[in-house]
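[1] What shape does this take:
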Amino acid sequence: MSDLTTYEYREQIEMMSKSMFRYCLSRTGSYHDAEDLAQEIMLISCKGEQSFENEKAFYAFVWRTADNILKGWYRSHRETAELDDTISDGSWEALEEQARENEQLRLITRELSLLNSNYRKAMVAYYVDGMSVREISESFGITQSMVKYLLFQSRKKIREGFVMERDFGKLSYDPVELSLAFWGTNNNYHGKFDDKLTQNILMCCYFDKQTEEQIALQLGVPTAYLEDGLKQLVEYDLLTVKNGFYQTNVPIITNDIFAEIEKANKTAVADISERISKWVDEKLENVRSLGFYGSDAPDNTLKWMLLSLILRLAYIDMAFDKLPLDLPTDVFGEKCFRFFVEKSASDPYGVGTSARTSSYGMILFWDVLINGDRLHPRVTDTRADMLCTLLSRQPQTENEKLVCSELLELGLAVKTDDGIKPNFPCMTKEQGDALNDMILGISEDICADILSRTDSSKKILIDHTPQHLADYVSKMSQLLSFRETEQLMQTLCESGRLLPIKGGMSGTTVMYLNK
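    Residues are numbered from 1 along each chain as shown. Modelled structure (predicted):
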């Protein structure tokens, strides 16, 4: 294998033997067994040494040998384990205590935690709670024959698990963190799937169908902790189940997908950001001259205002008008898109957008995290009406005063010499129409650019999506173009053309009055 001297060869074998002993000790927990196993592995390995061309091939053979011998050790030490009526004194705590001191019971509790809920509940009732077959039958509302079947199958599954090395999946130590994105009118999903467990259940079942036991193993979580999450995901049609196999029924857009889309659109984004920056600098004083409430704000605030209005008009209003979204119907009968997006480690340019209509006008929100918390989810109809009213009069009733105190606390209103006023730009219909005419041309150019790249994004999406969701994502590629707005804002901020808004009037919330 090599031209080592006798001394070098012995030294190398000695080092390898020590490493192998430590490895076997970590896997067996027995000093005596580790010594015997390491010696056996090294003996077999050294006998076959001369048949390998290089050290790399030899070392691969050594570790394959170690793996096979250790598997044999596991089988020989587990094949005698059985379940009987003396497994516990009737309490779960006692079973856990015994398991800490007994290798066989530790394996029993491990396999028990991975059983499907029906099997596990029957086993716990019989072996831990001490219930008879008849009592379990009455309690569960099933026949005694079914109880015996569940117990028989559970014992069989546990015995089979004894001879297996259980390796938890990557999601058990490196879970993903997702956020639910919704595009539609009535969001029935808001706040219901913010926990990591349900998010990683979806990730686990995304490309491959999984049983409850397989999900538990992938996540490193006992099946008892999965039941509620699985039930809710199925109820909301985010997960389907057939013949005991679960499959994710909602797209998951990972950071890798976004990175590929961003890479494909990098040149276009740089060009758009340059055009917007140049246009804003040229038109800023013309915009001020409209004389709307807030037109005396700092340049940076008005630049944010113009950017938010241009991006909204180009990426949402115009894009969806020229190429309307084909919204699927969800389980609640709502026309909408719902999908999960992988969270970035840091995403200061994440956008939350909304439009709140009141009897007096409309408030447009473009909440960017780098400028502070997202406020649009907290603006109710009552608060929106009050904000519009503040331009013409002050609060009069106790209820109006209470609403104003809430607006002041949120930062949506501010106390001035003229009383309480909205803390963002507000325009009359005439001023709003004039501003929209000004931004129309550049918004149309940007929209045409966006639509010309839709097919490219669609292909990337389909290439990274399971086949059963391919048609769904093909309809939402245009929607993901909206993510490009974050790239644009990041480009403008990192170049110094925009600065985060720190205090003062918000430039990314704008009110358009009806008259």
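
[2] hey, let's count contacts and neighbours off CA atoms from now on
    Fine.

[3] so how far is the first residue of stretch 225-245 from its last?
    Start-to-end span of stretch 225-245 (CA to CA, to the nearest Å) is 17 Å.

[4] And the contacts of it?
    Stretch 225-245 has contacts (CA atoms under 8 Å, 6 or more residues apart in numbering) with 117, 197-198, 201-202, 209-212, 216, 246-250, 330-331.

[5] one more time with 6 Å
    Applying CA atoms under 6 Å, 6 or more residues apart in numbering, the external contacts of stretch 225-245 come out as 198, 209, 210, 211, 246, 247, 248, 249, 250.

[6] now stretch 469-484
    By CA under 6 Å, 6+ apart, stretch 469-484 touches 454, 457, 458, 462.

[7] circling back: just the contacts of stretch 225-245: which are in helices?
    Among the contacts of stretch 225-245, the members falling in helices (DSSP state H) are residue 198.

[8] Most neighbours out of the contacts of stretch 225-245, which is it?
    residue 248 (26 neighbours; other CA atoms under 10 Å).

[9] give the contact list for it.
    Here residue 248 is in contact with 202, 205, 206, 239 (CA under 6 Å, 6+ apart).

[10] Kindly state the pLDDT recorded for residue 7?
    Per-residue pLDDT puts residue 7 at 56.

[11] right, I mislabeled it, should have said residue 64
    Note on residue 64: pLDDT of 76.

[12] picking up where we left off before, in JSON lines: the contacts of stretch 469-484, plus neighbour count and secondary structure.
    Output for the contacts of stretch 469-484, formatted as JSON lines (neighbours: other CA atoms under 10 Å; DSSP: H, G, I helix; E, B strand; the rest coil):
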{"residue": "454", "neighbour count": "16", "secondary structure": "helix"}
{"residue": "457", "neighbour count": "22", "secondary structure": "helix"}
{"residue": "458", "neighbour count": "20", "secondary structure": "helix"}
{"residue": "462", "neighbour count": "17", "secondary structure": "helix"}
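
[13] Out of those, which is nearest to residue 399?
    Closest approach between those and residue 399, by CA to CA: residue 454, at 48.5 Å.

[14] Make CSV out of the contacts of stretch 225-245 and add distance to residue 510 and pLDDT.
    Compiled in CSV, the contacts of stretch 225-245 are given as follows (distance: CA to CA, whole Å; pLDDT from 0 to 100):
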residue, distance to residue 510, pLDDT
198, 37, 93
209, 47, 87
210, 48, 87
211, 50, 87
246, 45, 94
247, 43, 95
248, 39, 95
249, 37, 96
250, 34, 95
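
[15] Inside strands: which ones of the contacts of stretch 225-245?
    Members of the contacts of stretch 225-245 lying in strands (criterion: DSSP state E): 246, 247, 248.

[16] Just put these in TSV and tack on distance to residue 176.
    Formatted as TSV, these follow (distance: CA to CA, whole Å):
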residue	distance to residue 176
246	19
247	17
248	15
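
[17] Now restrict the contacts of residue 248 to buried residues only.
    Among those, those classed as buried by 16 or more other CA atoms under 10 Å are 202, 205, 206, 239.

[18] how about the contacts of residue 248, which pair is most distant?
    206 and 239 (9.3 Å).

[19] And the nearest residue to residue 209 once chain neighbours are set aside, how far from residue 230?
    Leaving aside its sequence neighbours, residue 209 sits nearest to residue 247 (CA to CA, 6 or more residues apart in numbering; 4.9 Å). For residue 247, the distance to residue 230 equals 11 Å [CA to CA].
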